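**Student:** Predicted structure and sequence below. I'll ask about it afterward.
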Amino acid sequence: MTQSTPSPSSSHALPSPAQFDQALVLLRHPPPAHGSLWAGLMETLQLSEAVLAAVLSDWHGIAVIDDAQWPKVTLWDKTSGPVMPSTSTTVMGLTLEGRRLLFSEDPWSAEATQALSRSPQSQLALARPGQWAQLAQQLQATPPGGASSAADADAEASTVVQFVDDAVIHAYRDGASDIHFETNRLGVGIKYRLDGVMAAGERLNDPQRAEEVISRIKVMAQLDITERRRPQDGRIHWSRSGHDSIDLRVSIMPSIFGEDAVLRLLDKAQLRQSQQSISLDVLGFDAVLAGTIRALASRPHGMLLITGPTGSGKTTTVYAALSEVNDGLEKIVTIEDPVEYELPGVLQIPVNEQKGLTFATGLRSILRHDPDKILVGEIRDSETAEIAVQSSLTGHLVFTTVHANSLFDVLGRFQHFGIEPFALASALNGVVVQRLMRKLCPHCTGWRAPTPVEKDKLVALEIGVPAQLPVAQGCEQCRHTGYRGRFVVAEVHELSDAVRDLIVRRTSMSELKGVMYREPSSRLVAQAVAKVEQGSTTLEEVIRVVGLV
């Protein structure tokens with residue numbers, strides 16, 4: 001939360017956040033009652049009522065109800081315990097001028113935090129002396145019929161909670177990689193990323209509920225629900241009875257209509273449950289290419305680099321390659337952001353930038369842990385790149401990924417990171433450039449003849465023109481998309497001495513391409529078109545993912 005400094009209205013200096021928190025810890029034990037926490041903070045910190053209220057709001061997001069506003073307060077929910085405040089009731093739901101408040105003698109208590117998680121659209125409020133007793137008198141005068149608003153509030157809260165939970169269950173069941181909660185002036189809608197493309201889901205047409213949906217996600221991810229103008233990132237461990245536990249990576253982004261949220265599903269148990277069968281072959285790699293990757297992954301030292309755009313399956317490939325060489329005879333350490341799959345017998349370290357554990361600092365520490373093989377989840381900066389290269393040159397085998405579109409883009413990225421060409425050429429064993437393409441549904445595939453334009457493009461690329469091209473028609477089995485599932489296409493480059501010489505000499509792109517692509521069939525686009533000829537996918541999908549270039 002952004003901390004702004006209230007303007008003091010007394011002659012006393014404003015306490016620092018650390019001094020405020022220290023006073024708070026002392027005053028909360030034993031648990032406060034009858035407004036003693038408010039009174040204790042005023043006395044201990046020597047603050048006026050106005051300044052203390054401003055500090056509570058700006059530093060902790062805690063509201064204070066002024067005595068002049070008290071007649072406007074109404075009860076909306078029995079958040080904890082019976083309707084009447086008693087020794088077991090520590091939080092009450094109030095409404096004040098359209099705001100929903102969770103009123104408590106100690107808004108930092110576990111009960112108050114739990115109440116906020118059940119009603120994320122609300123704000124915590126601190127009781128001042130006498131206000132809790134006033135609330136008790138007001139409740140005694142409340143007729144039995146007044147409880148209907150509580151039922152309405154419970155129904156609204158359960159609708160929001162169920163909407164989010166249903167989205168997670170739906171995404172997990174259908175194999176979606178991401179859930180997008182998109183807000184607009186009408187409410188919030190869900191889109192699922194299925195097989196790499198967006199598919200529309202459920203909607204909640206109510207702007208107020210849309211805000212509550214995002215607040216619910218924030219509470220689950222332990223993010224700041226009062227911050228609505230800055231991006232936030234977090235994690236959710238989702239667990240419900242009758243369903244598998246799911247780990248979610250959360251991104252919150254402000255928009256013109258409020259905020260949008262994207263949840264990435266991380267099925268950590270996927271490889272663990274399939275460790276006997278998961279392999280490069282299962283992922284769909286051509287037998288020759290899979291053999292080359294295995295050879296690169298079995299070398300005693302050097303670097304194996306997997307590259308491709310976001311969502312191209314790089315992490316899954318690097319895990320599969322690592323799993324195949326994980327025979328228990330060598331020490332394997334990984335550093336990832338986040339840990340996406342669990343590998344048996346492997347030390348896996350999650351990046352935590354807030355605590356100072358970055359890829360670079362973690363990798364530097366890993367080297368003192370006596371590893372044989374190292375997995376660096378992604379090379380993002382020059383420091384990580386330099387340590388990874390040095391590690392591969394000093395007897396370690398490094399598996400890593402880089403966001404780039406081709407082998408030549410990879411070389412450019414490392415040059416941008418300031419890595420000397422000689423060091424990179426010496427360290428790099430091989431590069432895998434890959435994409436994920438949608439697989440045709442076997443129940444509704446049709447065929448057609450290629451058009452003259454398509455023939456010309458394929459001939460220009462020195463690729464054979466298939467006599468017939470498959471068509472994605474759509475049926476019930478594939479949600480009327482024509483596709484079901486995905487497979488990988490890749491080009492694998494094992495660096496030869498001739499290529500290393502060209503890298504060291506900083507040769508031109510055209511000369512490097514001439515050496516790397518002596519066999520036109522080795523190019524990524526040629527591999528993809530070969531899958532079209534086999535009936536695995538369509539030319540339209542090749543153009544969408546790879547491009548006819």
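**Tutor:** Done, it's in. Numbering: from 1, shown residues only.
**Student:** Tell me what the spatially closest residue to Ser406 that is not a sequence neighbour is bridged to.
**Tutor:** Excluding the flanking residues, the one nearest Ser406 by CB to CB, 6 or more residues apart in numbering is Val433, at 5.8 Å. Bear in mind the C-beta positions are built from the backbone N, C-alpha and C, glycine included. Beta-bridge pairing of Val433 under DSSP bridges involves Thr307, Glu491.
**Student:** I'd assumed Pro309 was in contact with Val433.
**Tutor:** No. Contact criterion CB atoms under 8 Å: Val433 and Pro309 do not qualify, at 10.3 Å.
**Student:** okay, and the common contacts of these two?
**Tutor:** Here Val433 and Pro309 have Asn405 as joint contacts, going by CB atoms under 8 Å, 6 or more residues apart in numbering.
**Student:** what about the stretch 1-150 of the chain, any weak spots by pLDDT?
**Tutor:** 1-13, 33-35, 76-89, 136-150 (pLDDT under 70).
**Student:** circling back: more neighbours: which of Val433 and Pro309?
**Tutor:** With neighbours defined as other CB atoms under 10 Å, Val433 and Pro309 compare such that Val433 has more, 25 against 13.
**Student:** Please give me every residue in contact with the more buried one.
**Tutor:** Contacts of Val433 (CB under 8 Å, 6+ apart): 307-308, 405-407, 490-493, 524.
**Student:** Against Tyr517, how distant is it?
**Tutor:** Distance of Val433 to Tyr517, given as CB to CB, to the nearest Å: 12 Å.
**Student:** Please tabulate the contacts of Val433 in TSV, including the columns pLDDT, distance to Ile62 and neighbour count.
**Tutor:** Listed next are the contacts of Val433 as TSV, based on pLDDT from 0 to 100; distance: CB to CB, whole Å; neighbours: other CB atoms under 10 Å:
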residue	pLDDT	distance to Ile62	neighbour count
Thr307	94	48	23
Gly308	92	47	23
Asn405	88	49	16
Ser406	87	53	17
Leu407	87	55	23
Ala490	93	54	27
Glu491	92	58	22
Val492	92	58	22
His493	91	58	20
Leu524	91	56	22
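**Student:** Max pairwise distance over these: which two?
**Tutor:** Asn405 and Val492 (15.8 Å; CB to CB).
**Student:** can you give me the helices in the stretch 251-400 of the chain?
**Tutor:** In the stretch 251-400 of the chain, helices defined by DSSP state H, counting those that start in this stretch lie at 270-273, 287-297, 314-324, 359-366, 382-393, listed in chain order.
**Student:** Need these in CSV (columns: mean neighbour count, mean pLDDT and distance to Gly418).
**Tutor:** Shown next, in CSV, are those (neighbours: other CB atoms under 10 Å; pLDDT from 0 to 100; distance: least, CB to CB, whole Å):
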stretch, mean neighbour count, mean pLDDT, distance to Gly418
helix 270-273, 15, 46, 34
helix 287-297, 17, 92, 25
helix 314-324, 22, 89, 23
helix 359-366, 20, 90, 14
helix 382-393, 21, 93, 5
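**Student:** Please identify which of those helices is closest to Ala23.
**Tutor:** Per CB to CB, nearest to Ala23 of the helices of the stretch 251-400 of the chain: helix 359-366, 34.7 Å.
**Student:** now that closest one: how far from the chain's centre is it?
**Tutor:** 22 Å (CA atoms, centre = their mean, to the nearest Å).
**Student:** Next, the angle helix 382-393 makes with it.
**Tutor:** 30 degrees (axes from the mean of the first three to the mean of the last three CA atoms, to 10 degrees).
**Student:** Output helix 359-366 as PDB, restricted to C-alpha atoms.
**Tutor:** What follows is helix 359-366 as a C-alpha-only set of coordinates in PDB (Å, rounded to 0.1, in the frame of the first residue of the first chain):
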ATOM      1  CA  PHE A 359      17.600 -15.300 -10.600                       C
ATOM      2  CA  ALA A 360      21.100 -13.700 -10.300                       C
ATOM      3  CA  THR A 361      21.500 -14.000  -6.500                       C
ATOM      4  CA  GLY A 362      19.900 -17.400  -6.400                       C
ATOM      5  CA  LEU A 363      22.100 -18.700  -9.300                       C
ATOM      6  CA  ARG A 364      25.200 -17.300  -7.500                       C
ATOM      7  CA  SER A 365      24.300 -19.300  -4.300                       C
ATOM      8  CA  ILE A 366      23.400 -22.400  -6.300                       C
END
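**Student:** Gln170: neighbouring residues, count only.
**Tutor:** Not quite, residue 170 is His, not Gln. His170, neighbours per other CB under 10 Å, totals 15.
**Student:** quick one: it and Ile543, what's the gap?
**Tutor:** For His170, the distance to Ile543 - CB to CB - is 30 Å.
**Student:** SS state for the residue nearest in space to the middle of the chain?
**Tutor:** Central residue of the chain (CA atoms, centre = their mean): Arg249, 2.7 Å from the mean position. The local conformation at Arg249, judged by DSSP: H, G, I helix; E, B strand; the rest coil, is strand.
**Student:** That one - nearest residue in space that isn't next to it in sequence?
**Tutor:** Arg264 (4.1 Å).
**Student:** show me what contacts the one you found?
**Tutor:** With CB under 8 Å, 6+ apart, Arg264 has these contacts: 177-178, 248-251.
**Student:** So which of these wins on neighbours?
**Tutor:** Neighbour max across the contacts of Arg264 (other CB under 10 Å) = Leu248, 22 neighbours.
**Student:** Checking my notes, Thr113 in a helix, right?
**Tutor:** Yes. Counting by three-state DSSP, Thr113 is part of a helix.
**Student:** burial count for it?
**Tutor:** 14.
**Student:** what's the answer for Asp244, then?
**Tutor:** Neighbours around Asp244, by other CB under 10 Å: 11.
**Student:** would it count as being in a strand?
**Tutor:** No. Assessed with three-state DSSP, Asp244 is coil; it does not lie in a strand.
**Student:** so it makes contact with Tyr172?
**Tutor:** Yes. The criterion here is CB under 8 Å, and Asp244 meets it with Tyr172 at 7.0 Å.
**Student:** what is in contact with those two at once?
**Tutor:** Joint contacts of Asp244 and Tyr172 (CB under 8 Å, 6+ apart) do not exist.
**Student:** circling back to that earlier point, present the contacts of Arg264 as a markdown table; the columns should include pLDDT and distance to Lys455.
**Tutor:** Formatted as a markdown table, those follow (pLDDT from 0 to 100; distance: CB to CB, whole Å):
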| residue | pLDDT | distance to Lys455 |
| --- | --- | --- |
| Ser177 | 89 | 35 |
| Asp178 | 94 | 37 |
| Leu248 | 90 | 46 |
| Arg249 | 89 | 44 |
| Val250 | 93 | 47 |
| Ser251 | 94 | 43 |
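**Student:** Would you confirm that Ala427 contacts Leu304?
**Tutor:** No. Judged on CB under 8 Å, Ala427 makes no contact with Leu304 at a distance of 10.4 Å.
**Student:** Of these two, give the one with the bigger neighbour count.
**Tutor:** Shown here are Ala427 and Leu304; by other CB under 10 Å, Leu304 has more neighbours (25 against 22).
**Student:** quick one: the helix or strand hosting Val402 to helix 287-297, angle?
**Tutor:** Using DSSP states H and E, Val402 maps to strand 397-403. Put simply, strand 397-403 runs at 120 degrees to helix 287-297, going by the same axes, to 10 degrees.
**Student:** how about strand 397-403 as PDB, C-alpha atoms only?
**Tutor:** What follows is strand 397-403, C-alpha atoms only, in PDB (Å, rounded to 0.1, in the frame of the first residue of the first chain):
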ATOM      1  CA  LEU A 397      25.300 -28.300 -17.500                       C
ATOM      2  CA  VAL A 398      22.900 -25.400 -17.600                       C
ATOM      3  CA  PHE A 399      19.300 -25.700 -18.900                       C
ATOM      4  CA  THR A 400      17.500 -22.400 -19.400                       C
ATOM      5  CA  THR A 401      15.000 -20.500 -21.500                       C
ATOM      6  CA  VAL A 402      15.000 -17.100 -23.200                       C
ATOM      7  CA  HIS A 403      12.100 -15.200 -24.800                       C
END
